[in-house]
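Peer 1: what's the 3D shape of this:
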Amino acid sequence: MKKYKEVVVPEKKTTVSDGDFCDICGQNLAYDGNNRRNCYDRTSVEIKYETGEIYPEGGTYKIWETDICPKCFEEKVRPALETLGAVFRFYTLDV
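Peer 2: The predicted model follows:
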């Protein structure tokens with residue numbers, strides 16, 4: 001979930017993004033605990049459902065997505081989905 005804050009610019013007030021936060025625990029996704037993630041950290045969670053029809057002349061496409069931190073995914077989301085019967089595939093990429 002994106003959170004926003006108001007920033008006062010001389011003669012103008014505007015709203016800017018205050019970062020992305022976990023929808024479950026509220027953790028700032030740019031941080032791992034109290035430490036900011038470095039540029040080499042590839043830890044991310046993507047949970048998204050896409051549906052619709054797209055033709056050359058147009059169409060309708062809907063996306064449902066949520067922001068989840070790695071800790072909540074490991075401790076809450078993955079176990080809940082496995083309880084429902086989901087099977088996760090694990091693999092390693094060497095780049």
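Peer 1: Dihedrals phi and psi, A80?
Peer 2: Dihedral angles of A80 (phi, psi; degrees, to the nearest 10) stand at phi -70, psi -40.
Peer 1: Mind pulling up the pLDDT for it?
Peer 2: Per-residue pLDDT puts A80 at 97.
Peer 1: What is the neighbour count of it?
Peer 2: Neighbourhood size, A80 [other Cβ atoms under 10 Å]: 10. In short, each C-beta sits where N, CA and C put it, glycine included.
Peer 1: Can you give me every residue that contacts it?
Peer 2: By Cβ atoms under 8 Å, 6 or more residues apart in numbering, A80 lies in contact with nothing.
Peer 1: do you know how far it is from C39?
Peer 2: Distance, A80 to C39, by Cβ to Cβ, to the nearest Å: 32 Å.
Peer 1: likewise M1?
Peer 2: With the distance defined as Cβ to Cβ, M1 ends up 24 Å from C39.
Peer 1: Could you check which of these two is surrounded by more residues?
Peer 2: Neighbour totals were compared for M1 and C39, and M1 leads with 13 against 5 (other Cβ under 10 Å).
Peer 1: so the more buried one sits right up against C25, yeah?
Peer 2: No - with contact defined as Cβ atoms under 8 Å, M1 does not count as touching C25 (11.1 Å).
Peer 1: ok, now which residue in this structure is the farthest from the centroid?
Peer 2: Largest separation from the mean C-alpha position in the chain: E11, at 34.1 Å (Cα atoms, centre = their mean).
Peer 1: Just to be sure, P79 is in a helix?
Peer 2: Yes - counting by DSSP: H, G, I helix; E, B strand; the rest coil, P79 is located in a helix.
Peer 1: which outside residues touch the lowest-mean-pLDDT helix or strand in the chain?
Peer 2: Across the helices and strands of the chain, mean pLDDT, DSSP states H and E gives its lowest value to strand 12-20, namely a mean of 76. Contacting residues not belonging to strand 12-20 are listed as M1, K2, K3, Y4, K5, E6, V7, N28, L29, A30, D67 [Cβ under 8 Å, 6+ apart].
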